[in-house]
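Q: using only what follows, build the 3D model:
(2 chains, ligands or ions: 4)
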Amino acid sequence: MSQYFSPFVLPFCAAVLVLLGICIWKYVRWYKHFDRLQKAIFLKNLISWKFIPALWEAFREGILHVRISRKNLVLGYMHRSIALGWFLLIVVGAIESHMAPTESHPFWMGIFFRYFVHDTPSPGISMFFANLMDFLLLYVLSGITLAYLKKVYSRIVGMKKVTKHVIFDQFAKFSLWAIFPLRLLSESLSANLYHNGGFLTQSVGDLFSSSFASTFELLSWTCYSFSLAIFFVALPFSRYMHIFTEIVLIFFRHLGLKERTAKTGFTMYELSACSRCGICIDNCPLNKQLAIPNVQSVYFLRDLRYKRVKPEIADNCLLCARCSSDCPVNIDLMSIRQQARHKQELDTQHNYQYLDNIQPFNAIGRVGYFAGCMSHLTPAIPEAMVAIFEAAGQKYWYMDEDKTICCGRPLMQQGYLNQAGELRRKNIEMIKKSKIQFLITSCPICYQSFKKEYKLPVPVIHHTEYIAGLLQSGKIKVRKDDLKTVYHDPCELGRGCNIYKEPRQILKKTTQLVKAKSEKEDSLCCGYNLGNTLINNEQQKKIRDAAFKNLMHKKPDVIATACPMCKKAFKHSMDFPIRDIAEIVKDNLIKK
Amino acid sequence: MKKIAIIGAGPAGIEAASILAAHNFEVTLFEKSSTPLSNILDKAFLFPSSVAAADLVDELNAKLLHDNIQLICEKEIVNIKETNDECKLFDKDGKTYFASKVLITTGYTIFDAHRKEELGYGIYKGVISSLDLEKMIRHKQIKNSIDELPQRITFLQCVGSRDEKSGNNYCSKICCVTAVKQAIEARKLLPQAEIYIFYMDLRMWGQTFEELYRQSQEEYDIRYIRGRISEASATFDGKVQIKSEDTLIGQPLKMTTDLLVLMCGMEPSPGTKTLAENCQIAGDYHFIQTIDPHLHDNETAQTGIYVAGSAKRPMSIRDTLSDAAAAAMQIMSDCQ
Ligand SMILES: Cc1cc2nc3c(=O)[nH]c(=O)nc-3n(C[C@H](O)[C@H](O)[C@H](O)COP(=O)(O)OP(=O)(O)OC[C@H]3O[C@@H](n4cnc5c(N)ncnc54)[C@H](O)[C@@H]3O)c2cc1C
Ligand code: SF4
Ligand code: SF4
Ligand code: SF4
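A: Ligands and ions are numbered 1, 2, ... in the order given. You can find the predicted model right below:
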């Protein structure tokens, strides 16, 4: 037996084995649940240079927690101090133990170093390590203190609501909170006896009497080992599984893996990568404006992971993607929400035969224009587009002028995948046979659908991109007037498809554009998104009113937007002028 | 002599003014527009009796010719403050006026149909509001978007009323019978046209309304379809295509029409809204709230401030006039 053994290291050692075993077992099982395409992509890219950026990102996010710090400095500090501090304690501890003049260096030696090693040949170096280790311990302890304060008073980290946790999490959390104070106590007691402590442990140790230290030293180290053991065993079942999974996920993403329409093993990785930090709670409109608890992404993912998600939770979400843009782990929350909505039993037996009566149209040399069902309820938008096509001398085919086929996305959002598939099939056929150059849509919902859910042989652009292009190339000319406009970012266009620039370019050329209080990724949902069928009119209005207030920040004359749904939201029971960008451009056209 | 201020020279304001003047009160009547009765002047014939609106305007205007009534036009009152048993009125320019009691009769405005964009008002020329049609009937000229006689006219009920989405859950009460009235007048001008009315349910509450409705079908060949129109679009020849569902037979329905007439509901006028808010007497949907719907239906929570007519809730002219008389009585008894 090594001189560095004492029975108290056993709980720790056993727990490390258990932890490794469970993690490997889980990861392998999840991998088996990848679908064929995911497996193929994984194997194809496994050995490639993609590992290098992945490694870098894993370090930045798994250890330094850069994204979370960008969202919230204090919370970022908390995560970083625990992760980086602990990581360095392990690394430096390993180096320190390897410098000890012995043959064997068991892996637990670094963890319990001060109990086993009392004097070293070069006191200078050991003093250096002792102080460095104390500093790192202090760093971790500062994070733990913050975590504790956060629980007592969440505003300290700038959060209104913190996540309510399940019992496993509580277990893991309390053992995690115990680990480092116990380490401090144990090392201090050893320092009292052997004078091998650094600035922190030595001064704390000197507070005790040596009889106290010799009585309690072993007990303290034992408790330390047990707290580590409890944490490691609880870890794979608790939210702390994110520590490893986040890193695995980063590698997977770099290899090109992503969510699919149905739940796969990849989803399991994503679920376990959620740290339940709760950042997604505060800005969720269902929390902020309606005070609906338990439906936010953190709770939804948690329930899904423990297989107890209820349909009323999966369905109660606007799919506004505000949480996705806030999530520091970049989990594909919208796809996962939609997967969970799949309504298998209701999604059959529908008669779409009438679609076959719609005849394709030969539109060689033209562009396609798809207004979308929603734009048919805001006819000023397609009217404006037609005027713009004419002003630009653009030959176009108005694909859904008379016989409207929905793009299918509203059905997708509600979990009717087969029905949506029928509509997609017909639209793809129509577009392929028409031979158009590219497709322009007015509705961001259709846009997102054509872009992401369809595989079209032609490019798809939103009308704001198209108009910005026309202005750039000088195909149309506009005058600029004194109207003060503010731009409302539609969720589906902004967070959904990353279009922030073009609408603003157009508005700057035609009007005096002012800023909203929160913009772009942080913009507020209008509440009328088709994603949520469970909230009522009054609730929608509350969300809309908050978005309205956000836009009124600089007292504009007109709200400009680029989505028929948002336009309708602001028109419902409101007298404030709201216009689509296409309408503004049409009115400001300079006739050639 | 006690001084009474009345805000709004509509039917309600004029009726109350003439009663109070006859009882030796000194009345100042403020009107925002350049003439009184701005909301009646644009009407053609009035239900229930088909009397010409111009005749009623003349009769009401005659009531204003009383020594105790002073009419001040182009004066918009925006606030009232009550101090020591006296009311201080503020106009838009900050000028003040005093009176011992104030009666608010600032009336209604019709729902702005632009807000229901799916119906194409302001986008397609063939889509008009009930008020636009009223004006056409007044000038005895109903034309479609290309200045020809329309072959088909379609009315749509409950635009901006009974509609959660526009935030107006209430029934505007007058538009059902107004549609019947207008359809009959339209038939008189256009013997050949087809005339349809799309409705949710028809509210023929007045004593003579049901009879008018029967006549409209039997003598004037007006056709009724139960269903809401969900969207409108233009056809290449300037007509309007509408999508609806006949909810009695459960069939979707698509048809074209020369004119789509939107029967817009009644909302509180901007003046009513402003005063309701500034005097803290706003009730549901920003109409003015009375203390009690039965026994104190002209008094407001502010002593000295009274209300009558369509500033309270949608009302026909006859109801408006009796309400104004009731308000005048209440003011007189409170002044004793
Ligand atoms: C299309 C249509 C057809 C109709 N047809 C009929 C019909 O056939 N028969 C019928 O009985 N009813 C009809 N009505 C209803 C009728 O118009 C009302 O019942 C009537 O006008 C209500 O009168 P009022 O005095 O309450 O308000 P209003 O007529 O609205 O008068 C209010 C007056 O107050 C003035 N005012 C507002 N704010 C201020 C302010 N701040 N300061 C000063 N002045 C102000 C306004 O300018 C206005 O002159 C119809 C309504 C519509 C929309
Ligand atoms: S979903 Fe993202 S933001 Fe929400 S708790 Fe999980 S990690 Fe945090
Ligand atoms: S998508 Fe929007 S509504 Fe849904 S959980 Fe996220 S923030 Fe809340
Ligand atoms: S009166 Fe008739 S048209 Fe008017 S809101 Fe009531 S039901 Fe609708």
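Q: now A:Phe361: closest residue in space that isn't a chain neighbour?
A: Using CB to CB, 6 or more residues apart in numbering or on different chains and skipping residues adjacent in sequence, the residue nearest A:Phe361 is A:Ser434, 5.5 Å away. From N, CA and C alone the C-beta is placed, and that goes for glycine too.
Q: B:Tyr124 now?
A: B:Ala234 (4.7 Å).
Q: that neighbour bridge partners, please.
A: Bridge pairing for B:Ala234 (DSSP bridges) gives the partners B:Val240.
Q: which element is residue 253 on?
A: No chain was given, so I picked chain A. helix A:242-254 (DSSP states H and E).
Q: that was the other one, I meant chain B.
A: strand B:251-257.
Q: point out the residues in the stretch 1-150 of chain B that sit beside chain A.
A: Contacts of the stretch 1-150 of chain B with chain A, taken as CB under 8 Å from any CB of the partner chain, map to B:112, B:115-118, B:120, B:122-124.
Q: one more pass at 10 Å, please.
A: With CB under 10 Å from any CB of the partner chain as the criterion, the stretch 1-150 of chain B meets chain A at residues B:112, B:114-124, B:127.
Q: rewinding a little: off-centre distance for the strand holding B:Leu253?
A: 30 Å (CA atoms, centre = their mean, to the nearest Å).
Q: just stretch A:9-20 next, same as before
A: Chain-centre distance of stretch A:9-20: 32 Å, with CA atoms, centre = their mean.
Q: just checking, the residue nearest to A:Phe361 touches A:Gly368?
A: Yes: between A:Ser434 and A:Gly368 there is a contact under CB atoms under 10 Å: 6.3 Å.
Q: can you pull the pLDDT of whatever residue of the stretch 251-400 of chain A ends up closest to ligand 1?
A: Ligand 1 sits closest to A:Pro379 of the stretch 251-400 of chain A, with a gap of 23.9 Å, by CB to the nearest ligand atom. As predicted, A:Pro379 sits at a pLDDT of 93.
Q: next: B:Ala328.
A: For B:Ala328, the pLDDT comes out at 97.
Q: what's the longest helix in chain B?
A: helix B:317-335 (DSSP state H).
Q: run a quick neighbour tally on the residue in the stretch 151-300 of chain B positioned nearest to ligand 3.
A: Of all residues in the stretch 151-300 of chain B, B:Lys165 sits closest to ligand 3, at 20.6 Å by CB to the nearest ligand atom. B:Lys165 is flanked by 17 other residues according to other CB atoms under 10 Å in any protein chain shown.
Q: tell me how far it lies from B:Gln157.
A: B:Lys165 sits 16 Å away from B:Gln157, going by CB to CB, to the nearest Å.
Q: can you tell me the closest non-neighbouring residue to the residue of the stretch 151-300 of chain B closest to ligand 3?
A: A:His572 (5.0 Å).
Q: likewise A:Thr561?
A: By the measure of CB to CB, 6+ apart, the closest residue to A:Thr561 outside its immediate chain neighbours is A:His488, 4.3 Å from it.
Q: what about the residue in the stretch 251-400 of chain A that ligand 4 sits nearest to, how many residues nearby?
A: Nearest to ligand 4, among the residues of the stretch 251-400 of chain A, is A:Leu377, at 20.5 Å (CB to the nearest ligand atom). By the criterion of other CB under 10 Å, A:Leu377 has 20 neighbours.
Q: repeat for A:Trp177
A: 17.
Q: so where do the strands sit in the stretch 151-300 of chain B?
A: B:152-159, B:194-199, B:222-226, B:229-234, B:240-246, B:251-257, B:259-264, B:266-268 (DSSP state E, counting those that start in this stretch).
Q: how about these in CSV, adding distance to A:Lys263?
A: Converted to CSV, those look like this (distance: least, CB to CB, whole Å):
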stretch, distance to A:Lys263
strand B:152-159, 45
strand B:194-199, 46
strand B:222-226, 45
strand B:229-234, 36
strand B:240-246, 38
strand B:251-257, 37
strand B:259-264, 48
strand B:266-268, 49
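Q: format those strands as TSV; extra columns: mean pLDDT, distance to ligand 3 and mean neighbour count.
A: Formatted as TSV, those follow (pLDDT from 0 to 100; distance: least, CB to the nearest ligand atom, whole Å; neighbours: other CB atoms under 10 Å in any protein chain shown):
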stretch	mean pLDDT	distance to ligand 3	mean neighbour count
strand B:152-159	97	32	25
strand B:194-199	96	36	22
strand B:222-226	95	37	18
strand B:229-234	90	27	21
strand B:240-246	90	31	19
strand B:251-257	90	33	15
strand B:259-264	98	35	28
strand B:266-268	97	32	25
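Q: neighbours of the residue lying closest to A:Ile230 once chain neighbours are set aside, how many?
A: Spatial nearest neighbour of A:Ile230, excluding adjacent residues (CB to CB, 6+ apart): A:Ser175 at 4.1 Å. Here the count is done by other CB under 10 Å, and A:Ser175 has 22 residues near it.
Q: go on, B:Lys3?
A: 17.
Q: how about it: which residues does it bridge to?
A: Counting by DSSP bridges, B:Lys3 forms beta bridges with B:Glu26.
Q: what's the spacing between the spatially closest residue to B:Phe47 that is not a sequence neighbour and B:Lys43?
A: Leaving aside its chain neighbours, B:Phe47 sits nearest to B:Lys181 (4.6 Å; criterion: CB to CB, 6+ apart). Relative to B:Lys43, B:Lys181 is positioned 10 Å away (criterion: CB to CB).
Q: quick revisit: right, is the helix holding A:Arg253 up against ligand 2?
A: No: using CB under 6 Å from any ligand atom, helix A:242-254 stays clear of ligand 2, with a minimum separation of 7.2 Å.
Q: ligand 2: which of the strands of the stretch 151-300 of chain B is closest?
A: Among these, strand B:229-234 sits nearest to ligand 2 (CB to the nearest ligand atom), with 38.3 Å.
Q: tell me the contacts of A:Gly368?
A: Taking CB atoms under 10 Å, 6 or more residues apart in numbering or on different chains, we find A:Gly368 in contact with A:361, A:396-400, A:430-431, A:434-441, A:450, A:456, A:458, A:460.
Q: do that again at 7 Å, thanks
A: Going by CB atoms under 7 Å, 6 or more residues apart in numbering or on different chains, A:Gly368 touches A:397, A:399, A:431, A:434, A:436, A:439-440.
Q: in strands, which of those residues fall?
A: Within these, residues falling in strands by DSSP state E are A:397, A:439-440.
Q: so which elements touch the strand or helix carrying B:Asp55?
A: Using DSSP H and E, the secondary-structure element containing B:Asp55 is helix B:53-63. Applying 3 or more CB pairs under 7 Å, 6 or more residues apart in numbering or on different chains; DSSP states H and E, we find helix B:53-63 packed against helix B:11-22, helix B:38-41, strand B:45-46.
Q: save these as a markdown table, and put in mean pLDDT too.
A: What follows is those, written out as a markdown table (pLDDT from 0 to 100):
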| stretch | mean pLDDT |
| --- | --- |
| helix B:11-22 | 98 |
| helix B:38-41 | 95 |
| strand B:45-46 | 96 |
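Q: count the neighbours of B:Lys125 for me.
A: Burial of B:Lys125 is recorded as 17 neighbouring residues (other CB under 10 Å).
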